[in-house]
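Enquirer: based on what follows, work out the 3D shape:
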Amino acid sequence: MLDKLQGVMNKITKSRVIDEELIQEITKDIQRILIQADVSVELVKELTDDIKEKIKEKKPPKGVSKKEYITKLIYNELKEVLGGEEYKPKMKSHDILLVGLYGSGKTTTVAKLAQFYSKRGMKTCAITTDVDRPAAYEQLQQLGEKADIDVYGEPEAKEAFKVLEKYLKETEEYDVRIIDSAGRDNVNQELLNEIKQLEKKLKPEETFLVASADTGQTAKRIANDFNNEIGITGVIVTKTDTSAKAGGALTACSEAEVPVAFIGTGEKIDEFKVFNAEDFVANLLGKPDLGELLKRVQRATQETELDPQEMMKGKYDFQTFYKQLEAVNKMGSLSKIFNALGIQNKISKEELQATEEKMQKYKYMLDSMTNEELKNPDLMNQNRKQRIANGSGRTQEEVKELIEHFNKGKKMIKRLKGGKSRDMKKMMQQMQKKGGGGLF
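Expert: Numbering: from 1, shown residues only. Coordinates of the predicted model:
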């Protein structure tokens, strides 16, 4: 869906003349792409009819070209279909109940959501009331360790209501409590009765349905079933990075008149964010999501204690280099980073994968260095290189490559410190030409 929609936008920007024939062509392209992405036929027709009508009826504002006007029009229509406004999370003490079917990624989402609030300064815990699925408690415990949040539950319990009753009393000091409920293969009365009982006891401020992106249009029926019975306040759509039908799930939720609150954008605990229709559509149409990238950079540098100012003052050693690698890793996959920069189409998946593997090898070699070596790269001699190679399971050539790359980075910092903007431009051009290899 992503590549195909970007192809439509390129067709507009590269065309010499915007005429009736081109408009018919691009609207048909959009129809085909959205239907393949599992967006309902009725909604697709309504959307493309609106686009054609507005192009015919309205003229571009003064100073705006017809190409720019049509691009913006398509952007606005898609944004409206996906729900329009950005969800605003409650940043106060409150309880959250998560519901959903098997395979939706609900338990993983509990940990992701808990970390989301924890990172924003709120004392957060998770309580699992899933007494049906084997090892549900153990799974949430493992995820809780990754997210650094407290987890409560009874592995041997038989009644979900009693588990909730017990741990609500023990967790009163928490700002945010996230309750994981049981799932089923489909929405049935037994499941709804159990959740109704939990909802009545908890009285949550938020009740989120967790739905996988690959449910497509089925998300509308699931959302309506839960909403009619218990009243959900929002939907969390998971696996948006792996499913070509993410658009179907998102539009289905919008059609059910239930807002999409968050989306899961990857497998890692921190690959999770507030859903913003503007950002999502910008990404679909190939517009860089630099705002989100800058937020991830800021979080990553804080978590790894990487100090850019110290680097610019000349403090650049293997320890700093290690923190850089950790920061990049915390920002998510390289494909997401380059996508946010708007240069993803110039980098092959193979190059990105090779670069990520190389970064991991560098970390192994750095882990084999002594604190003295990490702080003083000038100590590196042949014997030390051999010891590092042996300790990390790499070759001397790979250790040599690491040192060469470190030295290149050091030179780059010196150039930037000197204020040479041409070097920054050259670095960006190198990234575009060589993909990940331009950096690592």
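
Enquirer: shaky segments in the stretch 251-400 of the chain?
Expert: Low-confidence segments of the stretch 251-400 of the chain (pLDDT under 70): 283-314, 331-348.

Enquirer: those helices in it, which residues are they?
Expert: 277-284, 290-303, 308-312, 318-330, 334-341, 349-367, 371-375, 382-392, 396-417 (DSSP state H, counting those that start in this stretch).

Enquirer: what does the stretch 51-200 of the chain give?
Expert: Under DSSP H, counting those that start in this stretch, the stretch 51-200 of the chain gives helices at 66-81, 106-118, 136-147, 160-170, 189-202.

Enquirer: tell me the most buried of these?
Expert: Mean neighbour count (mean count of other CB atoms under 10 Å) peaks for helix 106-118 among those, with a mean of 24. For the C-beta atoms, the positions are set from N, CA and C on the backbone; glycine is no exception.

Enquirer: what's next to that one, contact-wise?
Expert: Residues from elsewhere that reach helix 106-118 (CB atoms under 8 Å, 6 or more residues apart in numbering): 89, 96, 98-100, 124-126, 128, 130, 136, 139-140, 143-144, 146-149, 175-176, 178, 180-181, 183, 208, 210, 236, 238, 262, 264, 269-272.

Enquirer: quick check: angle from that helix to helix 136-147?
Expert: Using axes from the mean of the first three to the mean of the last three CA atoms, to 10 degrees, the inter-axis angle of helix 106-118 relative to helix 136-147 is 30 degrees.

Enquirer: may I have helix 106-118 exported as PDB, CA atoms only?
Expert: Written as PDB, here are the backbone C-alpha positions of helix 106-118 (Å, rounded to 0.1, in the frame of the first residue of the first chain):
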ATOM      1  CA  LYS A 106      -3.100  -7.700  23.600                       C
ATOM      2  CA  THR A 107      -0.700  -8.800  26.300                       C
ATOM      3  CA  THR A 108       2.300  -7.200  24.400                       C
ATOM      4  CA  THR A 109       0.200  -4.100  24.100                       C
ATOM      5  CA  VAL A 110      -0.300  -4.000  27.900                       C
ATOM      6  CA  ALA A 111       3.400  -3.800  28.400                       C
ATOM      7  CA  LYS A 112       3.900  -1.200  25.600                       C
ATOM      8  CA  LEU A 113       1.100   1.000  27.000                       C
ATOM      9  CA  ALA A 114       2.400   0.700  30.500                       C
ATOM     10  CA  GLN A 115       5.900   1.800  29.400                       C
ATOM     11  CA  PHE A 116       4.300   4.700  27.400                       C
ATOM     12  CA  TYR A 117       2.800   6.100  30.700                       C
ATOM     13  CA  SER A 118       5.800   5.200  32.800                       C
END
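
Enquirer: distance of the residue nearest in space to the middle of the chain from Asp241?
Expert: Centroid-nearest residue in the chain: Thr265, 3.1 Å away (criterion: CA atoms, centre = their mean). According to CB to CB, to the nearest Å, Thr265 and Asp241 sit 5 Å apart.

Enquirer: do Lys315 as well
Expert: Lys315 is 36 Å from Asp241, by CB to CB.

Enquirer: more neighbours: these two, which one.
Expert: When Lys315 and Asp241 are compared for neighbours, Asp241 comes out ahead with 17 against 13, by other CB atoms under 10 Å.

Enquirer: three-state assignment of the more buried one?
Expert: Under DSSP: H, G, I helix; E, B strand; the rest coil, Asp241 falls in the coil class.

Enquirer: can you check Val39 too?
Expert: Per three-state DSSP, the local secondary structure of Val39 is coil.

Enquirer: what is the burial count for it?
Expert: Val39 has 26 nearby residues by other CB under 10 Å.

Enquirer: tell me how far it lies from Ala160.
Expert: The spacing between Val39 and Ala160, counted by CB to CB, is 36 Å.

Enquirer: same check, this time on Leu97
Expert: Separation of Leu97 from Ala160 (CB to CB) stands at 11 Å.

Enquirer: can you pull the residues that touch both of these two?
Expert: Ser181, Leu198.

Enquirer: now that we have the contacts of helix 106-118, which of them are buried?
Expert: Neighbour counting with 16 or more other CB atoms under 10 Å marks 89, 96, 98-100, 124-126, 128, 130, 136, 139-140, 143-144, 147, 149, 175-176, 178, 180-181, 183, 208, 210, 236, 238, 262, 264, 269-272 as buried within the contacts of helix 106-118.

Enquirer: now, those that are in strands?
Expert: Using DSSP state E, the members of the buried ones among the contacts of helix 106-118 that fall in strands are 96, 98-100, 124-126, 128, 176, 178, 180, 208, 210, 236, 238, 262, 264, 272.
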